[in-house]
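# how would this look folded up:
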Amino acid sequence: SSAPPACGGPRVLVAITGKGPLKQHYERRVAGLALRRIGIATLWLEPADYPVLLGCADLGVCLHGSTSGLDLPMKVLDMLGCGFSLCGGGVG
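Here you go, the predicted model:
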């Protein structure tokens, strides 16, 4: 067997979506990281583009609660509907 071809690009691409009040805070934190082979992009998606991004993902991470606080956030339901693994934690 042969080794896979060398690639200069990131091995992991992290897409952080949203435009909440902490977006700039996290962009500054990410900018200060010395990461190798990990790319991080923050972006706001139009509703029609969100399913396209999910279709490309292997893993989802949700860091917020639902609007009502009584059920799962819609992002979690979207991710589960795509059939990939999901990580979440208690927030708030």
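
# now Met74: closest residue in space that isn't a chain neighbour?
Distance criterion Cβ to Cβ, 6 or more residues apart in numbering; nearest residue to Met74, sequence neighbours excluded, is Ser66 at 7.3 Å. Yep, even glycine has a C-beta here, placed from its N, CA and C like the rest.

# the helices in this protein, which residues?
With DSSP state H, the ranges of helices along the chain come out as 23-31, 50-56, 74-82.

# any idea which of these scores lowest on pLDDT?
Averaged per stretch, pLDDT over these is lowest on helix 74-82, reaching a mean of 80.

# can you dump the C-alpha coordinates of that one into PDB?
Only the C-alpha atoms of helix 74-82 are listed here, as PDB (Å, rounded to 0.1, in the frame of the first residue of the first chain):
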ATOM      1  CA  MET A  74     -33.200  23.700  15.600                       C
ATOM      2  CA  LYS A  75     -29.500  23.300  14.600                       C
ATOM      3  CA  VAL A  76     -29.400  20.000  16.600                       C
ATOM      4  CA  LEU A  77     -32.400  18.700  14.900                       C
ATOM      5  CA  ASP A  78     -31.000  19.700  11.500                       C
ATOM      6  CA  MET A  79     -27.700  17.900  12.300                       C
ATOM      7  CA  LEU A  80     -29.500  14.800  13.500                       C
ATOM      8  CA  GLY A  81     -31.600  14.800  10.400                       C
ATOM      9  CA  CYS A  82     -28.400  14.700   8.300                       C
END
